[in-house]
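>>> sequence plus predicted model, see below.
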Amino acid sequence: MQSEIEKLLLDIQKAIEEIENFTAGKDFSDFQKDRGLQLIIERELEIIGEALNRLLRIVPELEKKLPETHRIIGLRNIITHGYDILEYEILWDIVENKVSQLKEKLKQEFEQGNQ
């Protein structure tokens, strides 16, 4: 089970790094004009949401420490099933303001051994 947790955390970490790498030096205008960048961000957010969904099944108490997990999982579901209702302003806000927060919270939670 520990290796599964580590794999899911690594998946989330890689997805966050991809988002950070592909959006470095970019702004919302760049994002709006670049369909490739939009697709990359959508895919990486899907991966984060799915990995968190699986992680929550293994570590249910994580929900108390990361109350936004259900919103992230919900976003994954919208990207996957409601792709036609995506609002790119919301996705960019997540990229700019939420991804790094999630990265830090997960790092604190799992590096401290509070599983």
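Yep, that arrived.

>>> the strands in the protein, which residues?
With DSSP state E, there are no strands along the chain.

>>> the lengthiest helix in the chain - contacts with which helices or strands?
Assignment by DSSP state H gives helix 35-58 as the longest helix of the chain. When contacts are defined as 3 or more C-beta pairs under 8 Å, 6 or more residues apart in numbering; DSSP states H and E, helix 35-58 packs onto helix 2-23, helix 28-33, helix 62-65, helix 69-81, helix 88-93. The C-beta positions use only the backbone N, C-alpha and C, and glycine is treated the same way.

>>> and those, which one averages the lowest pLDDT?
Lowest mean pLDDT within these: helix 62-65, a mean of 87.

>>> got the contact list for that helix?
Taking contacts as C-beta atoms under 8 Å, 6 or more residues apart in numbering, the residues outside helix 62-65 that touch it are Leu55, Leu56, Thr69, His70, Lys105, Glu109, Asn114.

>>> buried set for that helix?
For helix 62-65, the neighbour count (16 or more other C-beta atoms under 10 Å) marks Leu62 as buried.

>>> name the nearest residue to the residue nearest the centre of the chain, ignoring sequence neighbours.
Geometric centre of the chain, nearest residue: Ile48, 3.7 Å, by C-alpha atoms, centre = their mean. Leaving aside its chain neighbours, Ile48 sits nearest to Ala15 (4.9 Å; criterion: C-beta to C-beta, 6 or more residues apart in numbering).

>>> can you tell me how far that neighbour sits from Leu9?
As judged by C-beta to C-beta, to the nearest Å, Ala15 and Leu9 stand 11 Å apart.

>>> swap in Pro60?
Pro60 is 16 Å from Leu9, by C-beta to C-beta.

>>> looking at these two, which is more packed in?
Leu9 (18 against 9; other C-beta atoms under 10 Å).
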